[in-house]
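*Asks:* take this sequence and fold it.
(2 chains)
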Amino acid sequence: MPAPTAETPDPRKLTTKHRASDRLFRAVVTTFSFSALIILTLIGLFLLIKGFSTFKEQGLHFFTTAGWSVTQDANGKDVGHFGLSAMLLGTVLIALVALFIAVPLSVLTALFLTFYAPERIRTFLVSVVDLMAAFPSILYGLWGFFILGPMAEYWAKLINKYLGWIPFLSVPQPSFTRSPFIAGIVLAVMIVPIVTSVSREVFSQTPLDRVQAAYALGASKWGMIKAVVLPFGSSGIVGGAMLGLGRAFGETVAVYSVLNIVFRPNWHILFTQGGNVASMIIGQWGEAGKAEVSALLAAGLVLFVLTLLVNFAADFVVNRAVKSGR
Amino acid sequence: MDNSNNENQNDGDDMSTQSPATKSLGDVAAKRAKQNMGGSAPLGVGLEARGVHAWFGKHLALEDVSLDFSAGTVTALIGPSGCGKSTFIRTLNRMHEFIPSAAMAGQVLLDGRDIYEPGIDVTKIRLQIGMVFQKPNPFPSMTIGENVLAGLKLAQIKHEGNKDDLLEECLVRAGLWTEVKDRLGAHAGGLSGGQQQRLCIARSLALKPKVLLMDEPCSALDPGSTLRIEDTIAQLSKTMTIVIVTHNMQQAARVSDYTAFFLAEGGPGHMVEVGPTNEIFSRPKDERTENYVSGRFG
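*Replies:* Here you go, the predicted structure:
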């Protein structure tokens, strides 16, 4: 190779003069896209500032104890005893019940829509499932209270009768109304659309050559799905489930309608006591004094962070799957 | 097509009238025909297409193809792009019907039985008629070894005997064993394109098909890998019936006993002629075949 005759130049900086209209449009789209981030940050800051006094006074007890009361000390000053543990435990339990029911239901629905349904039925069912997502949550709550509740109470009794030896399916007293189990079923119905939609999206991207490879090896449709579609789509299912989890954590009105909220940690999912951070905030809001408002906003911040974390995790799982090409 | 499998009897007397390009392909084919002289009795099972038509929606893509694939022969399907040869090969193991709106008419007889017969289990058909695709398509989430045995698992077949032996046998026959025997547990995605394609062949072999369909198996590969695959085809042709679609006429001349020429000519694809490969390449009956194999169009 001949020696270079001149020094290698530095790369030139490539510039363009933008027109005024282009600069204006750029400013508009930039502002609007950052506004989402700004609003979210401001909400977080608001919750942090308002709830700060509670975090300071209660310390770690805010997360580890379960009580929600305001008493007056000798000087007549309000003293709050706030603990979220029952609500946090309840939130997670209900969300898990919801996922346990919704994920299999959604994956099977997505498989049917992608691989089995005739075109006309597919179009119809997809719009029905999308409609489920847009349905007002208070209506789910009312349905849960009047229709599902009494039925699910019967199922809960059956489950308890035959599977009661499993610790979390036992009950301290035979009272099955307004339990985390029932709230979980209502939530499950509410998160089915999102999990179905994400799963369907991933399933429909299954590479055709792998599908054909499986069929050419004598696979049945179910065999092909097991060997090709589910391995390919597994991360999409996980991502969809976590998006559903995010929604399940935050759902307020529907859970509030069906759940008996009690400030006592209860992991018996069939029993009539439950907790849920979002619903508790709604329930306590009306008659809250100054100290309690701070505590409720602090609880809101905890919920906010929890939801954020789950959503980030979902994004991470889905993106990693896309990058690795599955 | 002649059912007697005596492709060598026309050999050697046909060099005088041909153009140089045709002659050289004719030579290649004649050489192959000579090598196959005195071979053992044909194994595998014959396949026969009778009046096969194929549609995509309302569009007739393939018109009235009747072709007999005798047991133990290699048949090459050649022709310009869009002439229906890939569509045709996909009707032979019922892969055609996976395309929405696809339809077919006619019969495909495997060992005398119509594979489109009502009530037949199509998955069982595909066990007997294996297929290798244009683009290598191993299962990326499985290891090399798992890929080879994937068909057994997919079709829920209990293999009688040692699975390791079967694994080795299939990889040896596909010409891949020496390259991968020390890394059977590695993921298939790490192999080169040519190795992946031979892995796909090995995967088909594990099911012990009677017929192997290959749809342009080398079009995505470099010349070296192509030669390895052709060696593999030559080995396999001793034990099974092979149908191969190819754009590469040298390849058709090198690997096949019979060649069928397809053409669309602006309408639906159809078969122009079929015959022993050395005849098709040295003295085709149809002028269009002559023009195509001599490189004057297509």
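*Asks:* residue 59: neighbour count?
*Replies:* Just going to use chain A. Look at A:Gly59: counted by other CB atoms under 10 Å in any protein chain shown, it has 10 neighbours. Any C-beta I mention is one placed from the backbone N, CA and C, and that applies to glycine too.
*Asks:* let me rephrase: I mean chain B.
*Replies:* B:His59 - counted by other CB under 10 Å - has 9 other residues nearby.
*Asks:* secondary structure element for residue 233?
*Replies:* I went with chain A, as the question did not name one. helix A:230-250 (DSSP states H and E).
*Asks:* actually, chain B is the one I wanted.
*Replies:* Counting by DSSP H and E, the secondary-structure element that holds B:Ile233 is helix B:223-236.
*Asks:* against chain A, how distant is B:Ala252?
*Replies:* In this view, B:Ala252 and chain A are 22 Å apart by CB to the nearest CB, to the nearest Å.
*Asks:* again, but for B:Asp164
*Replies:* Plainly put, B:Asp164 is 20 Å away from chain A if you go by CB to the nearest CB.
*Asks:* flag every residue of the stretch 51-200 of chain B that's near chain A.
*Replies:* Taking CB under 8 Å from any CB of the partner chain as the measure of proximity, the stretch 51-200 of chain B contacts chain A at B:93, B:95, B:98, B:123-124, B:126-127, B:130-131, B:133, B:135, B:137-141, B:150-151, B:153-156, B:200.
*Asks:* any of those residues buried? List them.
*Replies:* For those, a neighbour count by 16 or more other CB atoms under 10 Å in any protein chain shown gives the buried set as B:93, B:95, B:123, B:126-127, B:130-131, B:133, B:135, B:137-141, B:150-151, B:153-155, B:200.
*Asks:* and the helix or strand following the helix holding B:Ile233, which strands flank it?
*Replies:* Once helix B:223-236 ends, the next helix or strand along the chain (criterion: DSSP H and E) is strand B:241-245. Listed by DSSP bridges, the sheet partners of strand B:241-245 and their directions read strand B:74-78 (parallel), strand B:211-215 (parallel).
*Asks:* distance from strand B:241-245 to the middle of the chain?
*Replies:* Averaging C-alpha coordinates over strand B:241-245 and over its chain gives two centres that are 2 Å apart (CA atoms, centre = their mean, to the nearest Å).
*Asks:* so for that strand, what gets flagged as buried?
*Replies:* In terms of neighbour count (16+ other CB under 10 Å), strand B:241-245 has its buried residues at B:Thr241, B:Ile242, B:Val243, B:Ile244, B:Val245.
*Asks:* ok, so of those residues, who is nearest chain A?
*Replies:* Proximity to chain A was ranked across the buried residues of strand B:241-245 by CB to the nearest CB; first place goes to B:Val243, at 13.5 Å.
*Asks:* and what about A:Ala188, helix, strand or coil?
*Replies:* helix (DSSP: H, G, I helix; E, B strand; the rest coil).
*Asks:* neighbours of it, how many?
*Replies:* For A:Ala188, the neighbour count with other CB under 10 Å is 23.
*Asks:* and what of B:Asp182?
*Replies:* B:Asp182, neighbours per other CB under 10 Å, totals 8.
*Asks:* same question for A:Met224.
*Replies:* Other residues near A:Met224 come to 22 when the count uses other CB under 10 Å.
*Asks:* what do you get for A:Phe82?
*Replies:* A count of nearby residues for A:Phe82, using other CB under 10 Å, gives 23.
*Asks:* what parts of the stretch 151-300 of chain A come near chain B?
*Replies:* By CB under 8 Å from any CB, the residues of the stretch 151-300 of chain A that approach chain B are A:207, A:209-220, A:223-224, A:227-228, A:231-232.
*Asks:* select only the buried ones of those residues in ChimeraX?
*Replies:* Below is the selection syntax for ChimeraX that covers the buried ones among these, with 16+ other CB under 10 Å defining burial:
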select /A:210,211,212,213,214,215,216,217,218,219,220,223,224,227,228,231,232
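*Asks:* now A:Thr241. Nearest residue, chain neighbours left out?
*Replies:* To be clear, residue A:241 is Ala; Thr isn't right here. Setting aside the residues directly before and after it, A:Ala241 is nearest to A:Val103 in space (CB to CB, 6 or more residues apart in numbering or on different chains), at 5.1 Å.
*Asks:* got the contact list for the one you found?
*Replies:* Under the criterion of CB atoms under 8 Å, 6 or more residues apart in numbering or on different chains, the contact partners of A:Val103 comprise A:Val195, A:Ile237, A:Ala241, A:Gly244.
*Asks:* quick one: which of those residues is most hemmed in?
*Replies:* For the contacts of A:Val103, the largest number of neighbours (other CB under 10 Å) sits with A:Val195, at 30 neighbours.
*Asks:* separation between it and A:Ser69?
*Replies:* From A:Val195 across to A:Ser69, the span is 38 Å (CB to CB, to the nearest Å).
*Asks:* and the helix holding B:Ile233, what does it pack against?
*Replies:* With contacts taken as 3 or more CB pairs under 8 Å, 6 or more residues apart in numbering or on different chains; DSSP states H and E, helix B:223-236 sits against helix B:163-173, helix B:193-205, strand B:241-245, helix B:249-255.
*Asks:* now these as a markdown table including mean pLDDT?
*Replies:* Output for the helices and strands packed on helix B:223-236, formatted as a markdown table (pLDDT from 0 to 100):
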| stretch | mean pLDDT |
| --- | --- |
| helix B:163-173 | 91 |
| helix B:193-205 | 92 |
| strand B:241-245 | 94 |
| helix B:249-255 | 90 |
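*Asks:* now distance to B:Gln107 too, for those, in CSV please.
*Replies:* Listed next are these as CSV, based on distance: least, CB to CB, whole Å:
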stretch, distance to B:Gln107
helix B:163-173, 31
helix B:193-205, 24
strand B:241-245, 16
helix B:249-255, 26
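*Asks:* tell me the confidence at the residue of the stretch 1-150 of chain A found nearest chain B?
*Replies:* Nearest residue of the stretch 1-150 of chain A to chain B (CB to the nearest CB) works out as A:Glu119 at 8.2 Å. The model reports A:Glu119 with a pLDDT of 89.
*Asks:* next, count neighbours for it.
*Replies:* Under the criterion other CB under 10 Å, the count of neighbours that A:Glu119 has is 8.
*Asks:* B:Arg296 now?
*Replies:* For B:Arg296, the neighbour count with other CB under 10 Å is 11.
*Asks:* all strands for the stretch 51-200 of chain A, in order.
*Replies:* If you assign secondary structure with DSSP state E, counting those that start in this stretch, the strands in the stretch 51-200 of chain A sit at A:68-72, A:78-82.
*Asks:* winner for burial among those?
*Replies:* Scoring the strands of the stretch 51-200 of chain A by mean neighbour count under mean count of other CB atoms under 10 Å in any protein chain shown gives strand A:78-82 as the most buried, with a mean of 16.
*Asks:* residues contacting B:Val293?
*Replies:* Taking CB under 8 Å, 6+ apart as the definition of contact, the neighbours of B:Val293 are B:Thr22, B:Leu25, B:Ile78, B:Met249, B:Phe261, B:Ile280, B:Phe281, B:Pro284.
*Asks:* B:Ile89 contacts B:Leu77, doesn't it?
*Replies:* Yes: between B:Ile89 and B:Leu77 there is a contact under CB atoms under 8 Å: 6.4 Å.
*Asks:* returning to what we had before: just the strands paired with strand B:241-245: most buried one?
*Replies:* For the strands paired with strand B:241-245, average neighbour numbers computed from mean count of other CB under 10 Å are highest in strand B:74-78, which has a mean of 27.
*Asks:* tell me which helix or strand comes right after that one.
*Replies:* Proceeding C-terminally, strand B:74-78 gives way to helix B:85-91 as the next helix or strand, assigned by DSSP H and E.
*Asks:* buried ones in that next one?
*Replies:* By neighbour count on 16+ other CB under 10 Å, the buried set for helix B:85-91 is B:Lys85, B:Ser86, B:Thr87, B:Phe88, B:Ile89, B:Arg90, B:Thr91.
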